[in-house]
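Novice: output the structure for:
(one chain, ligands or ions: 2)
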Amino acid sequence: MDPADLVLRYGDRVTHVEQVPAREAVVEPWPAWVDPGVRAMYEAEGITALWGHQAEALHHVHAGRHTVVSTGTASGKSLVFQAPALTDLAAGRTGSALRGNRMPTVLYLAPTKALAADQLRRLRGASAFARPATVDGDNSREERAWARDHANYLLTNPDTLHHSILPAHARWARVLGGLTHVVVDECHHYRGVFGAHVAHVLRRLRRVCAHYGADPTFVLSSATVADPEVFAGRLTGLDVVPVTDDASPHAARTIALWEPPIIPGVDPATPGVVRRSATSEAGELLTDLVIGGVRTLAFVRSRRGAEAVAATAQRRLGEVDPELVGRVATYRGGYLPEERRELEQRLRSGDLLGLASTNALELGIDVAGLDAVITVGFPGTRAALQQQFGRAGRSGRDSLGILVARDEPIDTYLVHHPEALLGRAVEASVFDPDNPYVLGPHLAAAAQEIPLTETDFEMFGPRAAEGVAALEAAGWLRRRAAGWFWTKRERASDLADIRSSGGAPVQIVDGVTGRLIGTVDAGSADSTVHEGAVYIHQGDVHVVDEYDLAHGVAMVHRDAPEYTTSARSVTEIAVLETERTEQWGAAAMSFGSVEVVNQVVSYLKRSTSGSGVLGEEVLELPARALQTKAVWWTLDAETVAATMEHDDVPGSAHAAEHAAIGLLPLLATCDRWDIGGVSTALHPDTGTLTVFVYDGYPGGAGFAERGYEVAATWLRVTRDAIAACACRDGCPSCVYSPKCGNGNEPLDKAGAIRLLDAFLADAPAAAPTT
Ligand SMILES: [Zn+2]
Ligand SMILES: [Zn+2]
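Specialist: Ligands and ions are numbered 1, 2, ... in the order given. Sure, this is the predicted structure:
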């Protein structure tokens, strides 16, 4: 479909159309130092020359510089770590590159087992140089022993490194002592609390390597993010050179941004129904593309959403041309291999013209020959969006990518600010390695691996001395002449559960069948599975009969109530320590430690047929205290009085808080559920109007800190997202929050814009990344 036609046909639902021209590859020759056999292996795959960024990165890696390659999907990042690593292994085979008396080895780390397995397959052609082996929780004892004794290219994940390899490093001395390269693939996955854990696992790895005399070069690959060198440096604790100029070719693409229209005649104050739903819009769009013969894939967040998109398209097609109904299908995970192959075949042949899918597709079928991709709702990161759009594009033909906004502030912002999607990356992967809840267990694990000395403190950061002192005081470590020793029988690495976000999850069990339905995070259980809660799991509706706090279990039964529930809570926040402050005239931005005390106190039943609140039930649940990091903004009382005289001040601050939480994921790779907020017209610790945004994890996760560092940009995009929304009094696309503990009251949309303008009056200019 001609893009101009798209705008003509849909008018102002299309907020932006951009033609991204085809990019020609920048090609460089292979450097002379790459082993001829390794080069021949790539040439056999058709890689006779390198793209510019590959050559640049190889140059740095060969010179022994730690390097991060942050370029688009399918830009050949694997070659950048494989070619130098295999070259060293090839040299080791001839005995010309012994490290001390050890043969060279390579360690490859992936965030998931599936990715490591994929890398293993890609090394099949390298058997002349590499003896690769994956080491993860699935190995047999024999496989692991073979890897220890013979492998020279070890593929694993941070979990296995943390729990198995580092604690038993003496058995892995051959591998760890020979390391020439450590590869950290897809490193943007290491964010938040998980990122902080991995940062310390990598420091422990460096320490153990040094113990065996190895000093490997770290090579990291990342999706495109802001400041990859800062992120990679924090992750490894090393100086890292960034390579970001993507020189791989791509076909021309048209990108269209789409905002569902406001439903005429609906009360704009009714939450959730102000705009047409993104899935209805996508269903309609899919219909038109299928009628036009455009082979289209629609990505939808949930299975139900994908089914709804396909059903809408099929219904509408039935009215136009019944023959087309069968040419639209839904794809979900869990298909049998033969079903998947049939779908692939129908897509390739053009028999299937429209497919609505969840992201399960990423692991499921191989789609080829598509013309268009519709993405329903921003998938969280630009990299994920580019990956979805990249599914379209038959050779030599232009493709079309359409982002349909859901009713989320970040989607509203993006469809009105295409430069944030299509210009330079503004989102950064962040975490906080100094979180004491993370640091402590890794110091203990490090001490068990090799006794800690004061010279190790620098590696573990400014809070290491304090952390060691605390472990010593608690009796976990004991100081002797040679350093601090682990004193317990237990494995110190068991203290850190690197994938957990704090507390055992609550199990949801069907009280009739006894079947485990799912789990919910400890942190959100009080508000989602309290007694009487309506809990929806994969489209099935349940009501909670009993919430057993002591055992972490919620008993539910299948039901079909004509209401939904939303928990109400009270939250108090206290400033424990202000670590940094920046004054912007009458406003100030601060960052530091806080204590948040939250208590779920009741829940509201809301009719699903639109007749409003049916009632409120009181709950008796304990108050939960969380010590974490927060960013907070204050505005002096005189300025508040002068600029906000006609506004609802608490409602304005509350609305600004909601939108700001919705927009932080644009600048930090977090989810709005990773952070929380409190706003008040008068806070006892600051003496004035204050909006707090805090990390929802003990000790902090780096998101609030990123908010502080880019505060001026963050508040500007928040202001613009609210102002761009065409609703009158606020809606889910701007200031309503699906997780508000106050039932979205009070909220003052117009006041929030004035309040943010007052905050920004003397703010510094935008950071250059925007
Ligand atoms: Zn709105
Ligand atoms: Zn709220």
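
Novice: and for the residue in the chain that ligand 2 sits nearest to, nearest residue in space, chain neighbours not counted?
Specialist: Among the residues of the chain, Cys740 lies closest to ligand 2, at 3.2 Å counting by CB to the ion. Every residue, glycine included, has its C-beta placed from N, CA and C. Closest residue to Cys740 apart from its sequence neighbours, by CB to CB, 6 or more residues apart in numbering: His658 at 6.8 Å.

Novice: helices and strands around the host helix or strand of that neighbour, which ones?
Specialist: Using DSSP states H and E, the element containing His658 is helix 649-667. Secondary structure elements in contact with helix 649-667, counted by 3 or more CB pairs under 8 Å, 6 or more residues apart in numbering; DSSP states H and E, are helix 409-416, strand 675-680, strand 689-695, helix 703-709, helix 711-724, helix 749-760.

Novice: starting at the chain centroid, how far to the second one?
Specialist: Taking CA atoms, centre = their mean, to the nearest Å, one finds the center of strand 675-680 at 21 Å from the center of the full chain.

Novice: what's the answer for the first one, then?
Specialist: The gap between the average C-alpha position of helix 409-416 and the chain average comes to 18 Å, counting by CA atoms, centre = their mean.

Novice: picking up where we left off before, would you reformat the helices and strands packed on helix 649-667 as a markdown table and include mean neighbour count and mean pLDDT?
Specialist: As requested, the helices and strands packed on helix 649-667 are exported to a markdown table (neighbours: other CB atoms under 10 Å; pLDDT from 0 to 100):
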| stretch | mean neighbour count | mean pLDDT |
| --- | --- | --- |
| helix 409-416 | 26 | 93 |
| strand 675-680 | 24 | 95 |
| strand 689-695 | 26 | 97 |
| helix 703-709 | 26 | 96 |
| helix 711-724 | 23 | 96 |
| helix 749-760 | 22 | 97 |
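
Novice: turn the ones you listed into a markdown table, columns for distance to Tyr437.
Specialist: Putting the helices and strands packed on helix 649-667 into a markdown table (distance: least, CB to CB, whole Å) gives the following:
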| stretch | distance to Tyr437 |
| --- | --- |
| helix 409-416 | 28 |
| strand 675-680 | 17 |
| strand 689-695 | 11 |
| helix 703-709 | 15 |
| helix 711-724 | 25 |
| helix 749-760 | 31 |
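
Novice: and of these, who's closest to Leu336?
Specialist: With CB to CB as the criterion, Leu336 lies closest to helix 409-416 of the helices and strands packed on helix 649-667, at 34.8 Å.

Novice: what's the angle between the closest one and helix 711-724?
Specialist: With axes from the mean of the first three to the mean of the last three CA atoms, to 10 degrees as the basis, helix 409-416 and helix 711-724 are set at 80 degrees to each other.

Novice: how about the helix or strand following helix 409-416: buried residues?
Specialist: The first helix or strand that comes after helix 409-416 along the chain, using DSSP H and E, is helix 418-422. Of the residues in helix 418-422, those buried under the neighbour-count criterion (16 or more other CB atoms under 10 Å) are Pro418, Ala420, Leu421.

Novice: return the distance of the residue of the chain most remote from its centre relative to Thr453.
Specialist: Summary for the chain: using CA atoms, centre = their mean, the residue whose C-alpha lies farthest from the chain's mean C-alpha position is Ala481, with a distance of 44.2 Å. Computed as CB to CB, to the nearest Å, the Ala481 to Thr453 distance reads 10 Å.

Novice: and for Phe591?
Specialist: When distance is defined by CB to CB, Phe591 is 32 Å away from Thr453.

Novice: between the two, who's got more neighbours?
Specialist: Phe591 (22 against 12; other CB atoms under 10 Å).

Novice: what's the helix or strand for the more buried one?
Specialist: Element membership for Phe591, per DSSP H and E: strand 587-607.

Novice: that strand: how far from the chain's middle?
Specialist: The gap between where strand 587-607 is centred and where its chain is centred comes out at 23 Å by CA atoms, centre = their mean.

Novice: could you do stretch 57-71 as well?
Specialist: The gap between where stretch 57-71 is centred and where its chain is centred comes out at 25 Å by CA atoms, centre = their mean.

Novice: so which bits of that stretch are buried?
Specialist: For stretch 57-71, using 16+ other CB under 10 Å, the buried residues are 57-62, 65-71.

Novice: of those, which belong to strands?
Specialist: Applying DSSP state E to these, the entries found in strands are Thr67, Val68, Val69, Ser70.

Novice: wait, the first one sits on Val241?
Specialist: Yes: with contact defined as CB atoms under 8 Å, Thr67 counts as touching Val241 (5.0 Å).

Novice: what do the two both touch?
Specialist: Both Thr67 and Val241 are in contact with His60, where contact means CB atoms under 8 Å, 6 or more residues apart in numbering.

Novice: list the contacts of the closest residue to Phe378 other than its chain neighbours.
Specialist: Once flanking residues are discounted, Phe378 sits nearest to Asp411: 5.1 Å by CB to CB, 6+ apart. When contacts are counted by CB under 8 Å, 6+ apart, Asp411 touches Gly377, Phe378, Leu403, Ala405, Ser733.
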